[in-house]
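A.B. asks: how would this look folded up:
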Amino acid sequence: PVTTALSSTRWRAASRPGEVAEGDVADDPAAGALPLLTSACPGLVCYVEKTCPEAVGFLSRAKSPQQVTGTLAKRAPSLGGGGAGVVVAAVMPCADKKLEASRLDFFHDDAQAAEVDLVLTTAELAELVQQRAAAAGAASAWAFLESLPAAAAGAGGVGLGLLGAGAAGGAPAPPT
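C.D. replies: Numbers count the residues shown, from 1 in each chain. Model prediction:
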């Protein structure tokens with residue numbers, strides 16, 4: 001059923017066309033503890049676990065977008081997930097996402113695999129691009145990035161899609 005939050009304590013669900021149910025979270029024993037603390041930040045989860053363990057029961061059990069993507073990529077063939085042999089890499093702005101990916105909560109014993117295999121911070125990715133650009137003798141990191149999609153496509157591979165078309169249809173201007 002499709003469930004919609006009407007407020008912090010009321011919900012509405014439609015299981016079939018024309019069939020709608022409403023309820024109050026307080027009347028639903030499966031609803032769990034309130035208030036419900038939610039965040040896609042693994043730092044919050046660690047903070048609560050270490051400094052206020054009595055509040056762990058109030059943390060949402062919903063996965064972060066990073067972990068949902070990893071799960072779908074590895075476990076949902078109908079959505080394009082490849083299963084065995086798929087490596088999921090995430091580029092995230094915060095190093096705490098590395099901690100999240102390494103948690104045992106997100107390791108599947110049956111597949112002997114983590115949902116997300118590798119996490120790079122945006123700073124690490126920028127440093128990697130700069131190092132590769134220097135090693136390739138590119139005039140700049142931007143020039144190096146511009147060469148990647150063409151080089152990959154020319155080698156029979158798929159372009160990396162790092163650069164999209166600008167509003168006028170051409171390549172976007174390099175950052176200044």
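A.B. asks: against Ala133, how distant is Val45?
C.D. replies: 36 Å (Cβ to Cβ, to the nearest Å). No exception for glycine: its C-beta is placed from N, CA and C like everyone else's.
A.B. asks: between these two, which one's more packed in?
C.D. replies: Neighbours were counted for Val45 and for Ala133 using other Cβ atoms under 10 Å; Val45 has more, 21 against 18.
A.B. asks: for the more buried one, give me its contacts.
C.D. replies: By Cβ atoms under 8 Å, 6 or more residues apart in numbering, the residues touching Val45 are 39, 59, 100.
A.B. asks: that one is in what secondary structure piece?
C.D. replies: When elements are assigned from DSSP states H and E, Val45 belongs to helix 42-51.
A.B. asks: after that helix, next one along is what?
C.D. replies: Sequence order places helix 65-75 as the next helix or strand after helix 42-51, per DSSP H and E.
A.B. asks: show me which residues of that following helix are buried.
C.D. replies: 66-67, 70-75 (16 or more other Cβ atoms under 10 Å).
A.B. asks: again, but for stretch 46-63
C.D. replies: Buried residues in stretch 46-63, counted by 16+ other Cβ under 10 Å: 48, 59, 63.
A.B. asks: please apply the same query to stretch 110-128.
C.D. replies: Buried residues in stretch 110-128 (16+ other Cβ under 10 Å): 113-116, 119-121.
A.B. asks: helices of this protein, residue ranges please.
C.D. replies: Taking DSSP state H, the helices of the chain run over residues 42-51, 65-75, 96-102, 122-136, 141-154.
A.B. asks: what's the closest of those helices to Val86?
C.D. replies: helix 65-75 (5.2 Å; Cβ to Cβ).
A.B. asks: got the CA positions of the helix holding Val45 in PDB?
C.D. replies: Extracted in PDB, the C-alpha atoms of helix 42-51 (Å, rounded to 0.1, in the frame of the first residue of the first chain):
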ATOM      1  CA  PRO A  42      26.000   8.300   9.800                       C
ATOM      2  CA  GLY A  43      27.600  10.800  12.200                       C
ATOM      3  CA  LEU A  44      24.300  11.300  13.900                       C
ATOM      4  CA  VAL A  45      23.800   7.500  14.300                       C
ATOM      5  CA  CYS A  46      27.300   7.100  15.800                       C
ATOM      6  CA  TYR A  47      26.800  10.100  18.100                       C
ATOM      7  CA  VAL A  48      23.500   8.700  19.400                       C
ATOM      8  CA  GLU A  49      25.000   5.200  19.900                       C
ATOM      9  CA  LYS A  50      28.000   6.500  21.800                       C
ATOM     10  CA  THR A  51      26.500   9.400  23.900                       C
END
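A.B. asks: much appreciated, bye for now.
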